[in-house]
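In: I would like to see how this sequence folds:
(2 chains)
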Amino acid sequence: MIDSIAQQPMLAALIALVSLGMVFGALLGFAAEKFKVQGDPIVEQIDNLLPQTQCGQCGFPGCRPYAQSIADGDAINKCPPGGQNTINSIANLLDVPAPALDEEHGEEEEIKTIAYIREDECIGCTKCIQACPVDAILGAAKLMHTVIVSECTGCDLCVEPCPVDCIDMLPVVQGIVQWHWPNPPTTIDLIATSKMSSQEDAA
Amino acid sequence: MSRTWETPGGVHPPENKSQSMTQSIGHLPIPGTLVIPLHQHIGSPSKIDVTIGQAVLKGQTLTRATLSNNLPVHASTSGTVIAIDDQPVAHPSGLTAPCVTIASDGRDQWIEHVGVTDFRRCGPLDLLQIITDAGIAGMGGAGFPSAIKLSPSKDKAIDTLIINATECEPYITADDAAMREKAQDLIQGIEVVCHILNDPKRVVIGIEDNKPQAIKALRPYIQESSIEIVPFPTKYPSGGEKQLIYILTGREVPSGGLPIDLGMVCLNIGTLIAIKRAVIDGEPLISRITTVTGGACGVNRNYEVLIGTPISHLLTHNEFDEKNCSRLIMGGPMMGFSLTSTDVPVVKTTSCILAPGHSEIPADTPAQACIRCGLCAEACPVSLLPQQLFWYAQAKDQERLEAHNLFDCIECGACSYVCPSNIPLVQHYRSSKGEIRKANIDKIDADNARQRFEFRKLRLEQADEQRQAKREARRLVTEQARATSNTSQPGSSAADIIAAAQQRVITKQASPEQQKAKFERALLAAQSRLQEAEKRLIEATTNGSKQQQTICSASVESARQKVDQTQYRLRELTD
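Out: As a prediction, the model looks like this:
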């Protein structure tokens, strides 16, 4: 049997290749089952990059649904709280060009704002508590409410439902602790000769 | 003589140290008001302990430490607290911070204080508590609480004490002056620290060779002891903690690590003198030696300055010429920062006030394009790649910046100093570091928000499920009830239900005999009420008013009707 196969090189090669294919096929099949990844890792990664304000400005009920939508091919520039930084990092992750922020969904704010309840005007209706996506408002029915500053993401979803308009979005105070060195002015691309000519122009 | 190692890179800027060393350490008159910032160290701020209008004595605590990384601050002179508010402080941002303002009474009266008679009899923890209570933070620049640095660590014994007498920044001579004039205090401070550290194997004073007089002043005190003085060639920046450790021991502090990881502790000259004063004299840290120098100052000199003295007070006593001053710098020309106001006070970390003339340190020339000369890489004492970091900083590529070890940058400014294009490289790094730190904080906040959002979603879902389950249970109960009634009365329709209801009413009713007896009793009662009403009517007709008569006749009528009704019902029942 082996002799006859050995004498026919075509057949020998065929058997060898088919058996190799079967072995590796089985191996791959086993690995695919054994090391199966639950869920969609790319959604997880995109969700990690989003700012988690859960504000819904993108048109989705929270950051994760938007991450899912991006994974399904939606535009990556619908997140105003994240701003250009978030767009850049998502573009980096997905290896696509980074577009500018879609103004339709809102503008990027320079300074983070957080909600502040004017407490003596609060009537204790609990509407803002129900609206807050991160449980950052403390209070009970017919009792004064207040915002837990450290937990507020500044999504301003609580402003709209307030029947007495006692919620303000105030910028976070930038103290010495939060301060960091600003960017130095950008490099001017001048060479000595063009500097001279520009001075002459000015004169 | 011990061997020394040479750090990579480094620069040799003009030293400019001789101007301020022509005179001995001076003392200034006490300023009218002192502004003492509450937070002068790395760590959390401490709680205020005085009120406006309160009289304070020199050395009295103004704040109380509540946490382990808190340090108190003390009144630098006696007087009255006139304000507790936010004031501009010595910080590159020029922002305000909480401060206590004291109007001095000029008497400079000390609070009662007493030092330890023999520190060798005290336990290290008692001495560390004294150092904390005296508010001593590293006086080299960072302001790290010294007691925390010296605290015994569980997993690492400290076997080397390094005394940083390098003072590598140009212009600054505060430590040099202190060594020349307060050598004895310094040595006593070292002895105290050695006792706290349980006598480390090696005690080294690392000093640059441009301070021969300081070395000469220290020599007599160390003849008997094991303290070594190791001079090494002058080069900027040798005074960085990690650089000094490498120069003296040839060992590198790991990236992101601390000297304690190598079993070493590094202390500054000013800090050691403050420790001596705290332990042996019982005096808290209320003054420090500060160099006031620069071409715009008529007098260049070191002063023993009270913490909280406004810079303007220092300048007016030094013939400061504002017109000739290009900018006012706190710290040295390499690592210091420009001040926006002369009202800011001297703090524990203020080693120098530099007021250079226009020719000394000219205003910033605009940065030009990088010509890729590579001088910055040669100058970097940490062997980073400043050029690469510069590109990544401009591109805001935080990942690559971290991969290129941006956080190992000691911000010495050597790269900016050598740059022929005047690119403020170190500013780019500082700003990038700040952005990365902020991004990390934002990331933590975002993760926290996500967790809360998901928990809320889960909670709402659970509440919804519970409500659904309750509704389902109720539906099942009604269905079951209907099913049981269906089996007992097949073919249930509206008529059947009414019949069943009537049946239930009938069964509830009493038997005919009982009913008859009930009506008979009612009849008897009604008849007796009728008789009584008739009797009252007769009485009313004989001697009552017209109104009484009508009332009585009406009641008789109603009683008669009642009797008729009952009789009728009784008859209906019996029929």
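
In: could you use CA atoms for every contact and neighbour count after this?
Out: Fine.

In: middle-most residue in chain A, spatially?
Out: For chain A, the residue whose C-alpha lies nearest the mean C-alpha position (C-alpha atoms, centre = their mean) is A:Leu50; its distance is 1.7 Å.

In: surely it touches A:Gly82?
Out: Yes - counting by C-alpha atoms under 8 Å, A:Leu50 touches A:Gly82, with 6.5 Å between them.

In: just to revisit the earlier point, for the residue nearest to the centre of chain A, give its distance to A:Tyr66.
Out: 9 Å (C-alpha to C-alpha, to the nearest Å).

In: again, but for B:Thr77
Out: Distance from B:Thr77 to A:Tyr66, by C-alpha to C-alpha: 61 Å.

In: I'd like to know which helix or strand in chain B has the lowest mean pLDDT.
Out: Least confident helix or strand of chain B, by mean pLDDT, DSSP states H and E, is helix B:494-508 with a mean of 78.

In: put the alpha carbons of that helix into CSV.
Out: Provided in CSV are the C-alpha atoms of helix B:494-508 (Å, rounded to 0.1, in the frame of the first residue of the first chain):
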residue,chain,number,x,y,z
ALA,B,494,-74.5,38.3,32.6
ALA,B,495,-77.9,36.9,33.6
ASP,B,496,-76.3,34.0,35.5
ILE,B,497,-74.0,36.4,37.4
ILE,B,498,-77.1,38.6,38.4
ALA,B,499,-79.0,35.5,39.5
ALA,B,500,-76.0,34.3,41.5
ALA,B,501,-75.8,37.7,43.2
GLN,B,502,-79.5,37.7,44.1
GLN,B,503,-79.0,34.2,45.5
ARG,B,504,-76.2,35.4,47.6
VAL,B,505,-78.4,38.3,49.0
ILE,B,506,-81.2,35.8,49.8
THR,B,507,-78.9,33.4,51.6
LYS,B,508,-77.7,36.3,53.7
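
In: buried set for the following helix or strand past it?
Out: Counting by DSSP states H and E, the next helix or strand C-terminal to helix B:494-508 is helix B:512-543. By 16 or more other C-alpha atoms under 10 Å in any protein chain shown, the buried positions in helix B:512-543 come out as B:516, B:519-520, B:522-523, B:526-527, B:529-530, B:533-534, B:536-537, B:540.

In: can you report how many residues lie near the nearest residue to A:Ile117 once chain neighbours are set aside?
Out: Leaving aside its sequence neighbours, A:Ile117 sits nearest to A:Ile167 (C-alpha to C-alpha, 6 or more residues apart in numbering or on different chains; 4.5 Å). Neighbour count of A:Ile167, defined by other C-alpha atoms under 10 Å in any protein chain shown: 24.

In: show the backbone phi and psi for A:Phe30.
Out: phi -60, psi -50 (degrees, to the nearest 10).

In: burial measure for it, as a count.
Out: 12.

In: for it, give its distance to chain B.
Out: Per C-alpha to the nearest C-alpha, to the nearest Å, A:Phe30 is found 34 Å from chain B.

In: tell me how far the ends of stretch A:108-116 are from each other?
Out: Stretch A:108-116 has an end-to-end distance of 20 Å (C-alpha to C-alpha).

In: relative to the whole chain's centre, how far out is it?
Out: 17 Å (C-alpha atoms, centre = their mean, to the nearest Å).

In: now stretch B:559-574
Out: 93 Å.

In: ok, residues contacting it?
Out: Applying C-alpha atoms under 8 Å, 6 or more residues apart in numbering or on different chains, the contact partners of stretch B:559-574 are B:512, B:516, B:519-520, B:522-523, B:526-527, B:529-530, B:533.

In: which one of these is nearest chain A?
Out: Ranked by distance to chain A (C-alpha to the nearest C-alpha), the contacts of stretch B:559-574 are led by B:Ala522 at 56.3 Å.

In: any idea of the pLDDT on that closest one?
Out: On pLDDT, B:Ala522 comes in at 87.

In: and chain B, is stretch A:148-161 touching that?
Out: Yes - residues of stretch A:148-161 are located near chain B by C-alpha under 8 Å from any C-alpha of the partner chain, namely A:151, A:153.

In: what residues sit buried inside that stretch?
Out: Neighbour-count burial for stretch A:148-161 [16+ other C-alpha under 10 Å]: A:151-159, A:161.
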